[in-house]
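1. when you get a sec, could you give me coordinates for this:
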Amino acid sequence: MRTEYLIELGIYMIFAAGAIALMWDEVELLIARIKLRHRLKALKTTQKKLPPPLDYFEKLLAVSFDNDRSRKIFLAFEFALFLASYALGYRNFGPLYSAIISITLMLMPVLFLAARLESSRAKASKEGISLVTELYRQYRINNLNIYEAIEKSVEAEGDYKLSSKKLYSLLIHLRASCGVIEIRDAIDNFVFSFGTSWARILGVCIRMSVETGTDISMGLSDIADQLKKAYNLEEKRKMMNSEATRMTLLLIPLMYIICMGASVFYLGLSPRKLIENQFLNPKAYFILLLIIFLFLVNFILLFVTGNSKLDY
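-> As a prediction, this is how the structure comes out:
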């Protein structure tokens, strides 16, 4: 009975194998559709936008570190820092305060990366004219091939060393990408590394050329023209800021010294009495602290505005 069953099963398997062989093209098509459906589901999950803080953190890691291994090492370091600081602070401050202290310590390396990114953005933004002009020139020379234009722009010895590194990273990711989603992620990270409006428009132009082969010559030319106008305005603003900086750094301390000297030589106050009134009187001491605070605030504001990104 068992042998008959096995023979019958073997015949059915032979018939099934023959049917699959005859309809192999349809079977391959069915398998391809199933795989495509799974890939589309995966793409939909990757297209979901993260909350702004997490999205910023993800792009910050992508820009700060070249490969996944470095990012994983940084995340492992952050996790170890949290555990170590929490374990040390738990006995002294309790669970709540130790958690707050640990999270604050975890944010310090992230703030360092953010500060380094902002410094890199400010420097790279000022290379925009040279970068876009060279990219436009190479794009026209290489028959509107954006890949060749980016490669030649990286190889050229232009006045955009910092931007060249960002452009090289973009080229590597574009050539390694295997779909629209990866292309857009690479361009988004490139735009994020500059953080300017002109970089955003440049990213749109590169994406259109990569995805559809659209001629972006007019777009690149327009970006270069707008950057030249923005550069002229930046030079005028620098002159005004330099005058304001000199006034802040020299005039405020000088006026304070003159007031102190006038109090001694014209009002007849002794230096000892003047120092006692300045530092031991609560109102006078508060006014001195207010002057120092406003002086530092003005200095920081002038420093930030003087080192701002070139944008339009």
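2. ok, Phe299 touching Thr248?
-> Yes - if you go by CB atoms under 8 Å, Phe299 and Thr248 touch, sitting 6.0 Å apart. From N, CA and C alone the C-beta is placed, and that goes for glycine too.
3. and the host helix or strand of Val204, what other elements does it pack with?
-> For Val204, the host element (DSSP states H and E) is helix 197-212. The helices and strands touching helix 197-212, judged by 3 or more CB pairs under 8 Å, 6 or more residues apart in numbering; DSSP states H and E, are helix 128-141, helix 146-155, helix 180-194, helix 217-246.
4. how far off centre is it?
-> Counting by CA atoms, centre = their mean, to the nearest Å, helix 197-212 is centred 17 Å from the centre of its parent chain.
5. pLDDT value on Val191, please?
-> pLDDT for Val191: 92.
6. quick one: it and Ser197 touch, right?
-> No - look at Val191 against Ser197 with CB under 8 Å: they stay out of range, at 9.8 Å.
7. more neighbours, those two?
-> The residue with more neighbours, out of Val191 and Ser197, is Val191; 23 against 15, by other CB atoms under 10 Å.
8. I'd like the average pLDDT over whichever helix in the chain runs longest.
-> When the chain is parsed with DSSP state H, its longest helix is helix 68-125. When pLDDT is averaged over helix 68-125, the result is 82.
9. try stretch 146-158
-> 89.
10. what residues sit buried inside it?
-> Burial within stretch 146-158, assessed by neighbour count using 16 or more other CB atoms under 10 Å, is assigned to 146, 149-154, 158.
11. for it, what is the distance to the chain centroid?
-> 22 Å.
12. can you show me the CA trace of that stretch as CSV?
-> The C-alpha trace of stretch 146-158 is given here as CSV (Å, rounded to 0.1, in the frame of the first residue of the first chain):
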residue,chain,number,x,y,z
ILE,A,146,25.7,65.6,-14.7
TYR,A,147,27.7,62.6,-13.4
GLU,A,148,30.7,63.7,-15.6
ALA,A,149,30.2,67.3,-14.6
ILE,A,150,30.3,66.5,-10.9
GLU,A,151,33.4,64.2,-11.4
LYS,A,152,35.3,66.9,-13.4
SER,A,153,34.3,69.6,-10.9
VAL,A,154,35.8,67.5,-8.1
GLU,A,155,39.0,66.9,-10.0
ALA,A,156,39.3,70.6,-10.9
GLU,A,157,41.6,72.7,-8.7
GLY,A,158,39.0,75.3,-7.9
